[in-house]
Each structure stands twice: as C-alpha cells, then as structure tokens.
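Student: need a structure here:
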Amino acid sequence: HYFQKDALRTFEIALQVVGPSDTPESLTRGIVGRPARGSGLLLLLLGDGSMTAQSVNQLAQKTAKTLETEQKVIAVGGAHEGFTLRSTAAELLAVERVFREHPQLEGDRIARREIAARQSHCIDQLHRALESAFENASWYLAPQSSRAVVAPLTVVASALADAGFSKAPIIKSELLQRDKPSSNSMAALRELAHAMVNSYAHEQLGMTQYPAELGLYLTLLRPFGLHKEIEAGVFGFSEPDDSREGTSLRPAWDVIDLAGDKPLDAVYAEWARPPYGIKAGVMPVLALAYMLAKRESVAVYIDGVYQTAVDDVVVDKLLQKPGLFRLRRIDRSVRETAFLSGLAQLLGVDHHGASLPIAAALFQRFEALSQFAKRTTHLDPLSVKIRSVVMKADDPERLLFDDLPASLGEELAPEVVYHALQSAEASYPALLD
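Tutor: Numbering: from 1, shown residues only. As a prediction, this is how the structure comes out:
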C-alpha cells in the first residue's frame, strides 16, 4: 500500500481473550467503543481454553462481518493455537507475583538473580509466542470479510490498508503526504500556494531553478493533470485527467464537489476518514486547485463573504483557518444566461456561460470607485439604486438573480446595469473638470 499510494498507515495491535459467552455483537460493541489510534486496528482473538481453534476462527469471521456496517478499518484474526501463549503468559505473571509479594528475596541476591533470569526468559518466550500467534492467524478484514488472509502481519496490514482506504489518491510526495509536515515543508507549501494564484497562466507556475515548491508542484499538481497547457502557450487549472493518478483523485474530487454548504474543514475531515485517508499536509493544495479549476462555476466565501478573486489573502486564510471557507456551485437558467451574456459582453468578460466571472468583474469595478463616486447623489435615481444594491451585496448569485431583479423589476437589463456603472465611474472625473 505504501509503495502504491505513498501514504504511511499505522495500525494498533491488540489481543483479546474470548470464551463461549462472547458473541460477534458484544465484541463489535467493545471494538467500536475503543479510542481510535492510528489508521486502524489489528485484533487477534485468543480462546480461553474452552473453545476450539475452529470456534475462535468462526467468531473472528462473524465479528469482522458485523463490523462491515461500522465503516471501520479493522482486521479480526483467530489464533490457531493458544495454549503456548496462555501458559507462557501465566508463567510470567507468576514470576512477577513472586517478585512483588515475597520481600524475603531482598536479602537473597542469588535468588533475585535467578528470578530475574526466569522473568527475562518468560518475556522472550512470550514475545515469540505472540509473534507466532499473529503471523499464523487467519485474518478477516472488516471491509472485506468474505475470505481469510493467512500471511505475515505486514502483508495483512497492507491488505487492510488497501481495503480500508480503497479510494485514496496516488500522491507521491514525501514532504506533504503526512498529517504533520515539517516547518520547511509548510514554507514550501505556502510558496506553492501563492504561485498557484499569481502565476497559474505560466508553465510550472513560473518557477525556475529547483526550489522545494517546484518539487511539490511536480508531485501534487502535474501528475493529476490539475495544472497543464489548456491551449498553445496558455496554462491553467483543470479537473483531474484520465491518467492513472488523475483517476485515483476523482473520488476525493467528488467529495468537495458534493459538499454543498459544508465548511471546508468538514471536507477535510471526510477526506481524512476511510475510504479516502488523505493526509492533512496535501489537503490545502487540493482544495486550492479545486477553487482555481472551478473558478467560473464555484463561488468562494470566507466567513459568509463572497470573494471576488482567489488571491494571496485568500491563500493565507486557507492555510490558517479552512473552517471559514464555504464553496457554492452556481447553476443558472436559460433566461438568466441571456442576461449574463449581455452583461458579460458590455463588461468585456469571457465567461463561458458562467456567472461568477461576470459578478466578480462587476464587484471589482464598483469596489474600485473613488469614495466620492461611492457616495455621491449626483447620479440619476436608477444608477444610485443599482450602485447601492451592488455595494451592499455579499453573494454574486443573489446579486445578479435576486437583488438586482427585485430592485429594478421590469427595468432590469444589461444596458441599465452597465450604464449605472459608467455613470458612477465618470462622476469623479466630471467633478474635477
């Protein structure tokens, strides 16, 4: 799994003694109630001496099948032979009890040495018995409990990782493919993110030489086709391509596509859970690439405020507080598309049928007005009304298709909105003249 996905998974190893009174349901309740450690759990069931190896094996399989509905990354194994392990553990407990409960040993150095040697021997035997029990057990994977896996523990762990994180993308990045990247890796991530918003139209995001952020670009963006040549000499962001790596990223891409009004940290949490298992270090890069690839159809909100452009300020907030971000898809009707086309033509925006570039251009033009132009009443009443609606708006979709139509009614037209913009822009130069 690590070789294919480049994602290191760690599993907790546990041993549980079972008897005739234990059922798959009771074992499942106990397993689900355990605090989560690592990527999953390898649990070996050991009979208490009153159960046959076949009975223990059947209990392990039924428990794994019951766990399938819990969406947990767990493998349940049945020990083939438990007598040696139980007897060795009992002997070790007896030796340690002698150490604790017989103070007369304090005056007998030779006896203490013999007991210590016996304890060391028992520990060594117990380690060997445990290793043998885990290596020779029949394992049933909770994600796929239909067949047993009898293999070395490392092979079982890899099979469990493959089954539990079946939709994990192939990300070959040693620097960021981890939950807590180093400070140097985070600095390179920041540089890459700023290059993504400032130099997206250039090959390799305009990076020359071989900085650390270029290594991140070559492992996190290029293999998936997220940044590529759109047309001759023009580069840009796009959705994952049909390559092996791009196909592996599509399930995670769909998660953010279907997030609705969920905050971005909720998307991160879903990415981290099975079956995706994406590491926290790469999440900001994937989220930012999504925003840039979908900039014409997905609106970006920070703390409920629409962002007219994804710039350096947005990048810094994304790296610090992703919970403030919400992404919203914008889809419009044919009538509304006609209004968009007219306004886009007047504003000189190439929108490809999407509303966000038009709304962003309108916002930016009004925000660029001088303070006089934003406040003057020496405009016609309709222009004053349009300026007020645009300046108070915080949602591009609501502005174009709710606020402006509600305010203008039958007077709504691309030419009317553009005339109001031109009037406001001309007011300050007219004052100076």
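Student: Report the residue spans of the stretch 201-350 of the chain with pLDDT below the cut-off.
Tutor: For the stretch 201-350 of the chain, the stretches with pLDDT under 70 are 331-337.
Student: ok, and the closest non-adjacent residue to residue 407?
Tutor: residue 389 (5.0 Å; CB to CB, 6 or more residues apart in numbering). C-betas here are computed from N, CA, C, even on glycine.
Student: if I pick that neighbour, what's in contact with it?
Tutor: Applying CB atoms under 8 Å, 6 or more residues apart in numbering to residue 389 gives the contacts 399, 403, 404, 407.
Student: swap the cut-off to 6 Å and go again
Tutor: Taking CB atoms under 6 Å, 6 or more residues apart in numbering, we find residue 389 in contact with 403, 404, 407.
Student: Then residue 93?
Tutor: Residue 93 sits next to no residue when contact means CB under 6 Å, 6+ apart.
Student: quick one: residue 422 from residue 153, how far?
Tutor: Distance, residue 422 to residue 153, by CB to CB, to the nearest Å: 73 Å.
Student: Could you check which of these two is surrounded by more residues?
Tutor: Legend: neighbour count by other CB atoms under 10 Å for residue 422 and residue 153, higher for residue 153 (18 against 13).
Student: Just the pLDDT at the more buried one, thanks.
Tutor: For residue 153, the model assigns a pLDDT of 93.
Student: nearest residue to it other than its sequence neighbours?
Tutor: Spatially, and ignoring its direct neighbours in sequence, residue 153 is nearest to residue 134 (5.1 Å; CB to CB, 6+ apart).
Student: In this structure the one you found contacts residue 154, no?
Tutor: No: look at residue 134 against residue 154 with CB atoms under 6 Å: they stay out of range, at 10.5 Å.
Student: of these two, who's got more company?
Tutor: The neighbour comparison of residue 134 against residue 154 (other CB under 10 Å) goes to residue 134, with 18 against 9.
Student: one step back: which helices and strands does the strand or helix carrying the residue nearest to residue 153 pack with?
Tutor: Here residue 134 sits within helix 109-136, counting by DSSP states H and E. With contacts taken as 3 or more CB pairs under 6 Å, 6 or more residues apart in numbering; DSSP states H and E, helix 109-136 sits against helix 83-101.
Student: and with 8 Å instead?
Tutor: Helix 109-136 sits against strand 11-18, strand 40-47, helix 83-101, with contacts defined as 3 or more CB pairs under 8 Å, 6 or more residues apart in numbering; DSSP states H and E.
Student: Dump the very next helix or strand once past that helix to CSV, keeping only the CA atoms.
Tutor: Using DSSP H and E, the next helix or strand after helix 109-136 towards the C-terminus is strand 138-141. In CSV, the C-alpha atoms belonging to strand 138-141 read as follows (Å, rounded to 0.1, in the frame of the first residue of the first chain):
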residue,chain,number,x,y,z
SER,A,138,-6.4,-16.4,10.0
TRP,A,139,-7.3,-12.7,9.4
TYR,A,140,-10.7,-11.3,8.3
LEU,A,141,-10.8,-7.7,7.0
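Student: coming back round to it: would you pull up how far the helix holding residue 134 lies from the middle of the chain?
Tutor: When C-alpha coordinates are averaged (CA atoms, centre = their mean, to the nearest Å), helix 109-136 and its chain have centres 44 Å apart.
Student: can you tell me the average pLDDT over it?
Tutor: 91.
Student: what about the residue sitting nearest the centre point of the chain, distance to residue 254?
Tutor: In the chain, the centroid-proximal residue (CA atoms, centre = their mean) is residue 271; its distance is 3.0 Å. Residue 271 is 11 Å from residue 254, where distance means CB to CB.
Student: Then residue 120?
Tutor: Taken as CB to CB, the span from residue 120 to residue 254 is 55 Å.
Student: cool, and residue 410?
Tutor: 42 Å.
Student: Next: residue 289.
Tutor: Distance of residue 289 to residue 254, computed by CB to CB: 14 Å.
Student: When those two are compared, which one has more neighbours?
Tutor: Looking at residue 289 and residue 254 with other CB under 10 Å, you find the greater number of neighbours at residue 289, namely 24 against 11.
Student: Helix or strand for residue 267, just tell me which one.
Tutor: Per DSSP H and E, residue 267 falls inside helix 264-272.
Student: helix or strand right after that helix?
Tutor: Next along the chain after helix 264-272, taking DSSP H and E as the criterion, comes helix 283-293.
Student: Need phi/psi at residue 230.
Tutor: phi -80, psi -40 (degrees, to the nearest 10).
Student: close enough to count as contact, it and residue 239?
Tutor: No: Residue 230 is beyond contact range of residue 239, at 11.9 Å (criterion: CB atoms under 8 Å).
Student: Between these two, which has more neighbouring residues?
Tutor: Comparing residue 230 with residue 239 by other CB under 10 Å, the one with more neighbours is residue 239, at 16 against 12.
Student: Assumed residue 20 was part of a helix.
Tutor: No: secondary structure of residue 20 (DSSP: H, G, I helix; E, B strand; the rest coil): coil, not part of a helix.
Student: where does it fall, phi/psi-wise?
Tutor: phi -60, psi -30.
Student: OK, contacts around it?
Tutor: Contacts for residue 20 (CB under 8 Å, 6+ apart) come out as 50, 51.
Student: quick one: residue 215 and residue 175 touch, right?
Tutor: Yes: with contact defined as CB under 8 Å, residue 215 reaches residue 175; the gap is 7.0 Å.
Student: between these two, what contacts are shared?
Tutor: Jointly contacting residue 215 and residue 175 under the rule CB under 8 Å, 6+ apart are residue 188.
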